[in-house]
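**Student:** Make a model of this:
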Amino acid sequence: MSTREPTPKPAANPGTISGPKVLIVDDEPQIRRFLRASLQSHDYAVVEAENGKEAVRACTVQRPDLVVLDLGLPDMDGMDVISLLREWSTVPIIVLSIRSDDADKIDALDRGANDYVTKPFSMGELLARMRVALRQGAREADSDPVVTAGDMSIDFAKRLVTLNGNPVKLSRKEYDLLRILASHPNKVVTHQQLLQEVWGQAYVEETQYLRVYIGQLRQKLEKDPASPRCLLTEPGVGYRFVATASA
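**Tutor:** Got it, this is the predicted structure:
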């Protein structure tokens, strides 16, 4: 099997506005058009996805500030999208769905959604709820934007990794792997989760990708790559980022 990195297919095109970036996830083109026009008129940049797979990929690649998510998607239930995102991301999620049962609302919130708006909806109300979610997300991002492990420091806000105070140049895939692991300090992240979030659902069995890229990260970040103290292997399961590792 080749270890060549797959070429990503863009999931969506961001708007040219420089305000907060919002990912719209809905399989109905008319809903996406309406939301895009409304949000851009209020100075939001817009990214779009028409299914769950595109939504997860867009969150990894585009790094939106907020997600507006429909639950009735063609490839997976929106509830599963929430669960997948919450495995590694704290991006605010507002569900925008025709489902009005309390059970659906409770399930979405329990899985990690920040808010739930039922269709049909008022654009004014949605905008107000978005502002609240963005403020909450900004506070959470500011609370702990940097993770350290010995002489290594990861600044999520700046996408900057340093070792002994010196910037370390990482490829996008290397950084994405490190970010996901460091977002779950001292916890095991499975092979399938890493492959799903970094390469996509089609690559969840390609564990060779992980061996290659984790090896590259160790070469760049570990004092002794053969005996890592930060990026640990959990045999047959996944990898663990040890945030308390010493130099």
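**Student:** Send me the lengthiest helix in the chain as PDB with only the CA atoms.
**Tutor:** Looking across the chain with DSSP state H, the single longest helix is helix 123-143. Extracted C-alpha coordinates of helix 123-143, given in PDB (Å, rounded to 0.1, in the frame of the first residue of the first chain):
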ATOM      1  CA  MET A 123     -33.400  34.900  10.900                       C
ATOM      2  CA  GLY A 124     -33.300  37.500  13.700                       C
ATOM      3  CA  GLU A 125     -33.500  34.900  16.400                       C
ATOM      4  CA  LEU A 126     -30.900  32.700  14.600                       C
ATOM      5  CA  LEU A 127     -28.500  35.600  14.400                       C
ATOM      6  CA  ALA A 128     -29.000  36.400  18.100                       C
ATOM      7  CA  ARG A 129     -28.300  32.800  19.000                       C
ATOM      8  CA  MET A 130     -25.200  32.800  16.800                       C
ATOM      9  CA  ARG A 131     -23.900  35.800  18.600                       C
ATOM     10  CA  VAL A 132     -24.300  34.100  22.000                       C
ATOM     11  CA  ALA A 133     -22.600  30.900  20.800                       C
ATOM     12  CA  LEU A 134     -19.700  32.800  19.300                       C
ATOM     13  CA  ARG A 135     -19.200  34.800  22.500                       C
ATOM     14  CA  GLN A 136     -19.200  31.500  24.500                       C
ATOM     15  CA  GLY A 137     -16.800  29.900  22.000                       C
ATOM     16  CA  ALA A 138     -14.400  32.900  22.200                       C
ATOM     17  CA  ARG A 139     -14.400  32.600  26.000                       C
ATOM     18  CA  GLU A 140     -13.600  28.900  25.900                       C
ATOM     19  CA  ALA A 141     -10.900  29.400  23.300                       C
ATOM     20  CA  ASP A 142      -9.300  32.100  25.400                       C
ATOM     21  CA  SER A 143      -9.400  30.000  28.600                       C
END
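**Student:** what element comes up after it heading to the C-terminus?
**Tutor:** strand 146-149 (DSSP states H and E).
**Student:** buried set for the helix or strand of the chain with the lowest mean pLDDT?
**Tutor:** Ranking every helix and strand in the chain by mean pLDDT, DSSP states H and E puts helix 123-143 at the bottom, with a mean of 81. By neighbour count on 16 or more other CB atoms under 10 Å, the buried set for helix 123-143 is Leu126, Arg129, Met130, Ala133, Leu134, Gly137. C-beta coordinates here come from the backbone N, C-alpha and C atoms, glycine included.
**Student:** what about that helix, distance to the chain center?
**Tutor:** Computed by CA atoms, centre = their mean, to the nearest Å, the chain-centroid distance of helix 123-143 equals 17 Å.
**Student:** Can you work out which other helices and strands pack against it?
**Tutor:** Other elements packing on helix 123-143 under the criterion 3 or more CB pairs under 8 Å, 6 or more residues apart in numbering; DSSP states H and E are strand 66-69, strand 93-97, strand 115-118.
**Student:** sorry, back to before: could you tell me the angle between the longest helix of the chain and strand 93-97?
**Tutor:** 160 degrees (axes from the mean of the first three to the mean of the last three CA atoms, to 10 degrees).
**Student:** So what touches helix 123-143?
**Tutor:** With contact meaning CB atoms under 8 Å, 6 or more residues apart in numbering, helix 123-143 is reached by 20, 22, 38, 42, 65-66, 68, 90-94, 96, 114-115, 117, 156-157.
**Student:** one more time with 6 Å, if that's ok
**Tutor:** Pro20, Ser38, Leu66, Thr90, Pro92, Ile94, Asn114, Asp115, Val117 (CB atoms under 6 Å, 6 or more residues apart in numbering).
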